[in-house]
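Asks: next one to model:
(one chain, ligands or ions: 1)
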Amino acid sequence: MELKKNEIYTSEIIDYTTEGNGICKINGAAVFVPNAAVGDTAEIRIVKTEKKFAYGKIEKIITSSHDRIEPDCGIFRQCGGCNFRHISYEAELSFKQKRVSDALTRIGGVGVDVIEKIVGAPENSGYRNKAQLPITKDRDGKIRVGFFAPRSHRVIPLDRCALQTPVFNKAIDIFLEWANDAKVSVYDEVQHSGVLRHLYLRYAAKTDELMVCIVANADSLRKEKMLTEKLVESLPNLKTVVLNTNTEKTNVITGKKCRNLYGDGYITDELCGLKFRISPLSFYQVNRDQAEKLYEIAAEFADLKKGETLVDLYCGTGTIGLSMSNQVGKLIGVEIIPQAIEDAKKNAERNNIINSEFICADAALAAVKLHKMKIVPDCIILDPPRKGCDSSLISTVADMSPKRIVYVSCDPATLARDVKLFAENGYHVVRAVPVDMFPRTTHVECVVLMTKSD
Ligand code: SAH
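Replies: Numbers count the residues shown, from 1 in each chain. Reported below is the predicted structural model:
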């Protein structure tokens, strides 16, 4: 029997999709249901049908799942930031464990025995040290910041977010007070007019340093001195204020140009006992405490010895490689963003690390070059963005023949795809540890150790 739109069926939620929606089976078809919990039995209204599946919506819960908890955020259902405010953290961790395990075993061909227990986070709110808040006007014409609704460009006005460090709250208030007083125009992405685009905040949790960056469709702001003065006056931990200019018609948040309105344009955090400088355009892990755990696992997997050569591909500001540099003879980091490489070099200098070299290039191209230069790394670290590694990079890395490959991934599906390619190139997974860096979302990180197959 086919499913009909608007028809209501009673069914039990049996699993989650990778996006965190509930799945139930109705008349043999999979139905995806947002905000559902595995174990719920509910009346589900079909809202959209496709050939082999449908989308549904909970009309009424008949029996509630044991995993359910009361969401502690007023806009959980409208905002696209969190997926799991309605189930316990234990249930969320088991979803993440299964997500990694399913991907690695089904796509990656990895044995289930090498996948270890997920490392959970002690804090599942206030952990984010970075916020990029779209600026909008509410119904009364007041300037607000907010969050995008799921899969949309509609901004839901909200000045507080439970995932972000509460340190941001005061900065948000001061910024909004200034923006409303100074009557600065708000960017309109349809008309491509107006000035204020995003309020971008970063916080170094260990050193208590705050960065405020305003992303604007302009090179300067009305009354920008007043803004800086107000921020400096009220925020003792404020280290820098930056104006980032983005005049492009794009979804990319930041533009290339930064101008310091106050301070040096960066903050400094401490990670694994080293100091790292963070500028608006360079990558830094958003959950500092869990990043430290992630890097500890990566270091254990890398198992480095004095005199060895370590290559850190997709190195960002150099954090992973530099945190292991005292264990090796030579460290080479590769990263594509110039500002991040600049930061990586400064980070090495600042921490008196003299055995490191950083190259600004595409990882796949740089690997070919290093191989041609007859560099023979003992260990290669890979930490690519979500889309994973280039297939050409995988064969070059295998040709370089390192004893160990440590792959840090933020996407289980591309990790699994790449692991399979590595297997075809003579490397197999010996350990895999999922790490939860992003509580209350479906995202999960994973560190994998690969060695040469016999
Ligand atoms: N290892 C770092 C950064 C990981 S994020 C850390 O833990 O902090 C992934 C990094 O890969 C980003 O800094 C991004 O700019 C970089 N990147 C993306 N595509 C790349 C490519 N083709 N070649 C090299 N680096 C790339």
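Asks: show me what from the stretch 151-300 of the chain comes close to the ligand.
Replies: 283, 285 (Cβ under 6 Å from any ligand atom). Heads up, the C-betas are built off the backbone N, CA and C, glycines and all.
Asks: pLDDT weak spots in the stretch 151-300 of the chain?
Replies: Within the stretch 151-300 of the chain, no stretch has pLDDT under 70.
Asks: for the stretch 351-454 of the chain, same thing?
Replies: Applying pLDDT under 70 to the stretch 351-454 of the chain flags no residue at all.
Asks: close to the ligand: what parts of it are there?
Replies: Those residues of the stretch 351-454 of the chain that sit near the ligand, judged by Cβ under 6 Å from any ligand atom, are 362-363, 383-385.
Asks: save those as CSV, and put in neighbour count and secondary structure too.
Replies: Formatted as CSV, these follow (neighbours: other Cβ atoms under 10 Å; DSSP: H, G, I helix; E, B strand; the rest coil):
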residue, neighbour count, secondary structure
Asp362, 13, coil
Ala363, 24, helix
Asp383, 25, coil
Pro384, 20, coil
Pro385, 13, coil
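Asks: quick check, the residue in this protein closest to the ligand?
Replies: Gly316 (2.8 Å; Cβ to the nearest ligand atom).
Asks: quick one: which two of the residues of the stretch 351-454 of the chain next to the ligand are the most distant?
Replies: Greatest spatial distance among those (Cβ to Cβ): Asp362 and Asp383, at 14.7 Å.
Asks: wait, Ala182 sits on Lys230?
Replies: No: with contact defined as Cβ atoms under 8 Å, Ala182 does not count as touching Lys230 (10.1 Å).
Asks: how about the helices in the stretch 301-450 of the chain?
Replies: Along the stretch 301-450 of the chain, the segments classed as helices by DSSP state H, counting those that start in this stretch run 319-324, 338-350, 363-372, 391-400, 412-424.
Asks: run the chain-centre distance for the fourth one.
Replies: How far helix 391-400 lies from its chain's middle: 25 Å, per Cα atoms, centre = their mean, to the nearest Å.
Asks: for the spatially closest residue to Gly316 that is not a sequence neighbour, what are its contacts?
Replies: Excluding its sequence neighbours, the residue lying closest to Gly316 (Cβ to Cβ, 6 or more residues apart in numbering) is Phe283, at 4.1 Å. By Cβ atoms under 8 Å, 6 or more residues apart in numbering, Phe283 lies in contact with 316-317, 337, 340.
Asks: quick one, phi psi at Phe283?
Replies: phi -70, psi 140 (degrees, to the nearest 10).
Asks: okay, now Ile354: neighbour count?
Replies: Neighbours of Ile354 under the rule other Cβ atoms under 10 Å: 8.
Asks: same check, this time on Glu233
Replies: By other Cβ under 10 Å, neighbour count at Glu233 equals 10.
Asks: what's the answer for Asp173, then?
Replies: Neighbours around Asp173, by other Cβ under 10 Å: 13.
Asks: picking up where we left off before, kindly reformat the helices of the stretch 301-450 of the chain as a markdown table containing distance to Leu199.
Replies: Shown next, in a markdown table, are the helices of the stretch 301-450 of the chain (distance: least, Cβ to Cβ, whole Å):
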| stretch | distance to Leu199 |
| --- | --- |
| helix 319-324 | 25 |
| helix 338-350 | 20 |
| helix 363-372 | 32 |
| helix 391-400 | 36 |
| helix 412-424 | 31 |
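Asks: domain ranges for this protein, per the record?
Replies: 8-68, 92-123+287-452, 130-278 (automatic domain parsing).
Asks: indicate which one of the ones you listed is closest to Cys79.
Replies: Proximity to Cys79, assessed across the domains of the chain by Cβ to Cβ, is greatest for domain 130-278 (4.6 Å).
Asks: quick check, central residue of the protein?
Replies: Centroid-nearest residue in the chain, with Cα atoms, centre = their mean: Val286, separated by 6.7 Å.
Asks: which SS state does it fall under?
Replies: Using DSSP: H, G, I helix; E, B strand; the rest coil, the structure places Val286 in coil.
Asks: neighbours of the nearest residue to Ala413 once chain neighbours are set aside, just the number please.
Replies: For Ala413, ignoring the flanking residues on the chain, the nearest one in space by Cβ to Cβ, 6+ apart is Ala103 at 5.3 Å. Residues near Ala103, counting by other Cβ under 10 Å, number 23.
Asks: how about the contacts of Phe283, which pair is most distant?
Replies: Thr317 and Ile337 (9.3 Å).
Asks: out of the two, which sits in the more crowded spot?
Replies: When neighbours are counted by other Cβ under 10 Å, Thr317 and Ile337 differ, and Thr317 comes out ahead with 28 against 15.
Asks: what sits against the more buried one?
Replies: Contact analysis of Thr317 by Cβ under 8 Å, 6+ apart lists 276-278, 282-284, 335, 340, 343-344, 347.
Asks: tell me which residues of stretch 125-144 come out buried.
Replies: Within stretch 125-144, the residues that count as buried by 16 or more other Cβ atoms under 10 Å are 125, 127-137, 143-144.
Asks: I'd like the distance from it to the chain centre, please.
Replies: 18 Å.
Asks: spit out the contact partners of Ser152.
Replies: Going by Cβ under 8 Å, 6+ apart, Ser152 touches Gly80.
Asks: re the thing from before, tell me which of the helices of the stretch 301-450 of the chain sits most buried.
Replies: Among the helices of the stretch 301-450 of the chain, ranked by average contacts under mean count of other Cβ atoms under 10 Å, first place goes to helix 319-324 (a mean of 26).
Asks: got the contact list for that helix?
Replies: The contact list for helix 319-324 (Cβ under 8 Å, 6+ apart) reads 271-274, 276, 284-285, 291, 295, 298-299, 302, 304, 310, 312, 315, 331-333, 344, 347-348, 351, 353, 356, 381, 383, 408.
Asks: out of those, which end up buried?
Replies: Buried members of those, scored by 16+ other Cβ under 10 Å, are 271, 274, 276, 284-285, 291, 295, 298-299, 302, 304, 310, 312, 315, 331-333, 344, 347-348, 351, 353, 356, 381, 383, 408.
Asks: sorry, back to before: of all the helices of the stretch 301-450 of the chain, which lies closest to Thr254?
Replies: Using Cβ to Cβ, the helices of the stretch 301-450 of the chain put helix 338-350 closest to Thr254, at 10.4 Å.
Asks: Validate this expectation: Lys206 resides in a helix.
Replies: No: using three-state DSSP, the assignment for Lys206 is coil, not a helix.
Asks: for the nearest residue in space to it that is not next to it in sequence, list each beta-bridge partner.
Replies: Among residues not flanking Lys206 along the chain, Glu270 sits closest, at 4.0 Å (Cβ to Cβ, 6+ apart). When bridges are called by DSSP bridges, Glu270 pairs up with Lys275.
Asks: still on that earlier bit, and the residue of the chain closest to the ligand, what is it in contact with?
Replies: Gly316 neighbours (Cβ under 8 Å, 6+ apart): 282-284, 335, 337, 340, 344, 383.
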